[in-house]
Structure formats: C-alpha cells, structure tokens
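*Asks:* Fold the following and give me the result.
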Amino acid sequence: MKEVIKATNLTKDYGNGHGVFDVSFSVKEGETFGFVGTNGSGKTTIIRHIMGFLKAQNGKVTVNGFDAWTDASIIKNDVQYVPGEIAFPDLKDGNTFLKSQAELLGIDDFSKANRLIEKLQLDPTANLKRMSKGMKQKTAIVAAMMADKKILILDEPTTGLDPLMRENFLDLVREEKQNGKTILM
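*Replies:* Numbers count the residues shown, from 1 in each chain. Predicted structure coming up:
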C-alpha cells in the first residue's frame, strides 16, 4: 500500500529539551493511525508539521509524496483538519460557519453535513461564541468530515465530547475508514 503520510527523522527543537526529536513513522493509504502521548509530548507539533504550519529543523514530512512545508497548498487539496484548539471566525452561528465552509470547499450537496449533524446531535443554530467546548468540537468535526477529502487529520478530536458522543464519533471514523479514507489522530 502507498505511504500517504511519512515523517523521516523529524526534529523541531524548542530548547530546554522541548520539541520532537528524530521522529519517523508512516501512514499507509486507508489506514487509521493514532499516536498517543502525554501533554507536551509533541503530538500537536507533529501534526502542525504534517499540515505545513511548521518547518522542520531536521528531517522531512511528506503527504502523498509532496513536501509538507514547500507544497502545503497542494497537500490541503486532499486533507481536512480538526485542530486541537478550535477558533471560529466571527460568524453568527454554526449554520453560517458550516455553509461558509461548504462554499469554500465547493460543496453543493449538504446531505452529508446534515447526516453528521444528526449523528453528533449538534445544534447548528447555536451562537458560535457561546458554544460549549463539546459543541465547538462537533461543529469542527462536521466541517472536516463533510468535505469528503481523502485524508483526515484530527488533533485530539474527542476533547469535550461526552462518552455517548465519543462513541458516535468513533462510528463516524469507522465509516470514513470503510470509505477508504486515511485517518491520523
């Protein structure tokens, strides 16, 4: 199987022993890959390198064979991302945000988004600024999964979700995997 995401000797040194050092791994097409670590162990730093937000001091990260730093704009054509810390634009409510995302992504059919909204029991009419952590998380998950891109990168996607919603989320991940998606969380 094709390697979709590959980190080779990735190093980002923030000083005083903080950062990621000589990390190597690969994620194959259609694979669901998770990595676990304590707070501050570098999980988000690695994801930010994959997304092309950070430049490695040493080593390399590729997505579909493209360099994550120099070809970040190309990579984003195939990747949807849920960050660990969600910050929404200054929009009225979840519906407005999701519709703006759909427009940006060229999505005309909102049926998948509606199915995700129902599965996650999201109230998209809620004010974005007043949403709970869990509601924000659900909104971000819907925005990422409705795009139907080949790769999902999810940074701590269940933070703020109650146990029932975590199970519903895992059901959605299983569905995405069955549809051939490559998932890193």
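
*Asks:* show me where this protein has helices.
*Replies:* 43-50, 72-75, 94-105, 111-119, 133-145, 163-178 (DSSP state H).

*Asks:* In contact with residue 97, which residues?
*Replies:* The contact partners of residue 97, by CB atoms under 8 Å, 6 or more residues apart in numbering, come to 88, 89, 91, 128, 139, 143. Using the backbone N, CA and C atoms, a C-beta is placed for each residue, glycine as well.

*Asks:* Please apply the same query to residue 4.
*Replies:* Residue 4 neighbours (CB under 8 Å, 6+ apart): 27, 28, 29, 31, 63, 64, 150, 151, 182.

*Asks:* Quickly list what the last one is bridged to.
*Replies:* Residues found in beta-bridge contact with residue 182 (criterion: DSSP bridges) are residue 151.

*Asks:* Check the second one too.
*Replies:* Applying DSSP bridges to residue 28 yields these beta-bridge partners: residue 3.

*Asks:* What's the separation between it and residue 80?
*Replies:* Separation of residue 28 from residue 80 (CB to CB, to the nearest Å): 18 Å.

*Asks:* any idea how far residue 168 lies from residue 29?
*Replies:* Distance from residue 168 to residue 29, by CB to CB: 26 Å.

*Asks:* Ok, residue 52 next?
*Replies:* 20 Å.

*Asks:* Tell me which of these two has more neighbours.
*Replies:* residue 52 (21 against 15; other CB atoms under 10 Å).

*Asks:* related to what we said a few turns ago, of residue 28 and residue 80, who's got more company?
*Replies:* residue 80 (21 against 13).

*Asks:* and stretch 38-54, which residues are buried?
*Replies:* Judged by neighbour count using 16 or more other CB atoms under 10 Å, the buried positions of stretch 38-54 are 42, 43, 44, 45, 46, 47, 48, 49, 50, 51, 52, 54.

*Asks:* just stretch 143-162 next, same as before
*Replies:* Residues of stretch 143-162 classed as buried: 143-147, 149-155, 157-158, 160-161 (neighbour count, 16+ other CB under 10 Å).

*Asks:* Likewise for stretch 6-13?
*Replies:* 6, 7, 10, 12.

*Asks:* Same check on stretch 98-106?
*Replies:* Buried residues in stretch 98-106 (16+ other CB under 10 Å): 98, 99, 101, 102.
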